[in-house]
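> Sequence first, then the predicted structure:
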Amino acid sequence: MAQSYRVLLRKEPEAGYTVIVPSLPGCVTYGDTVEKAITMAKEAIETGKTEFETMVEYGKRKFISLFLANLMVTIIILLPLIIIGIIFLILFAGSIGGVADYSGGAETVVYSFLLFFVVMILWMLYALIISIVLAVVNYAVVISDTGAIGGIKAAYRFFMNHMSDVILMWLIILGISIVCVIVYLAVEIPLSFIPLIGSIIGFLVEMIFYAFIAFVLTPLIALWWSWLYMDREQLLQTKTEPSKSPSKISG
């Protein structure tokens with residue numbers, strides 16, 4: 001029995017149409033015309049593959065937006081730390097310049113380091129919250145075909161609408177990452193006590209671990225985030241824009 005798939009056709013500013021199949025995460029293709037785009041989508045659905053050239057071309061078009069979005073997120077995370085650092089420098093510079101006889105300095109230093117430690121803990125908590133809130137910014141930029149600022153806004157909006165889903169996905173990925181590191185250390189540490197042969201095997205294990213992270217875990221994580229974003233955004237569009245009817249393809 002033939003299945004029907006909804007496809008989203010998006011006209012590109014330069015030329016042609018990008019096609020996304022929401023029910024098949026990662027299924028993105030491109031065509032010069034609507035007819036060609038739909039034909040490419042049908043082929044992608046039937047074969048389960050998207051042309052590598054299409055993916056590269058699409059990624060190149062979004063490179064600058066992705067770079068700017070990640071730069072802005074980094075600035076958002078680091079800005080409080082920069083401001084606090086400037087304040088600390090001003091306070092310390094003033095205390096050094098205004099106090100010639102530094103009596104009882106040990107206690108002041110202890111309090112200063114304690115305050116610095118508390119501030120760093122609060123900043124790390126802030127950075128963690130921002131990284132969770134804006135976890136889907138890259139996927140918002142690419143999938144929603146928006147710029148850097150639009151991607152950040154879309155990521156924030158997505159988090160506010162699907163907070164529990166984002167946090168759950170983040171925790172699942174964190175848990176998998178921790179398990180991978182524990183398994184790696186459980187193998188690597190005992191090998192470090194074995195001379196020569198242990199070093200060789202340990203090096204191979206390390207290469208396998210990094211290859212697994214780069215070629216298996218990272219693509220899987222990208223696929224999971226893409227699926228979550230596309231699935232939840234499609235549900236949201238269905239609720240808020242019931243009049244829109246995407247094209248259907250039978251596969």
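Good, I have the coordinates.

> show me where pLDDT drops low in the stretch 101-250 of the chain?
The stretch 101-250 of the chain contains residues with pLDDT under 70 at 101-106, 234-250.

> show me where it has helices.
Shown for the stretch 101-250 of the chain, the helices assigned by DSSP state H, counting those that start in this stretch span residues 105-133, 137-143, 148-161, 163-192, 197-212, 218-240.

> and the closest residue to L71 other than its chain neighbours, what does it touch?
Closest residue to L71 apart from its sequence neighbours, by C-beta to C-beta, 6 or more residues apart in numbering: A148 at 7.8 Å. Where you see a C-beta, it was placed from the backbone N, CA and C, and this is true even at glycine. Residues in contact with A148 (C-beta atoms under 8 Å, 6 or more residues apart in numbering) are S65, L66, L68, A69, L71, M72, V141.

> rerun that using 7 Å as the cut-off
By C-beta atoms under 7 Å, 6 or more residues apart in numbering, A148 lies in contact with S65, L68, A69, M72, V141.

> dump the residue contacts of the nearest residue to the last one once chain neighbours are set aside.
It refers to V141. Distance criterion C-beta to C-beta, 6+ apart; nearest residue to V141, sequence neighbours excluded, is G151 at 3.6 Å. Remark: with contacts taken as C-beta under 7 Å, 6+ apart, G151 is in contact with S65, A69, V137, A140, V141.

> Mind giving me the PyMOL select for those residues, buried ones only?
Buried subset of these, written as a PyMOL selection, criterion 16 or more other C-beta atoms under 10 Å:
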select buried, resi 65+69+137+140+141
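
> just the contacts of G151 now: which is nearest L217?
Distance to L217 across the contacts of G151 (C-beta to C-beta) is lowest for V137, with 19.9 Å.

> quick one, what contacts the closest one?
Applying C-beta under 7 Å, 6+ apart to V137 gives the contacts A69, V73, G151, I152, A155.

> Would you check that the fourth one makes contact with N70?
Meaning I152. No: using C-beta atoms under 7 Å, I152 is not in contact with N70; the gap is 10.0 Å.

> Look at these two and report which has more neighbours.
Taking neighbours as other C-beta atoms under 10 Å, I152 and N70 compare with I152 leading, 21 against 16.

> From T146, how far off is that one?
To T146, I152 is 9 Å away according to C-beta to C-beta, to the nearest Å.
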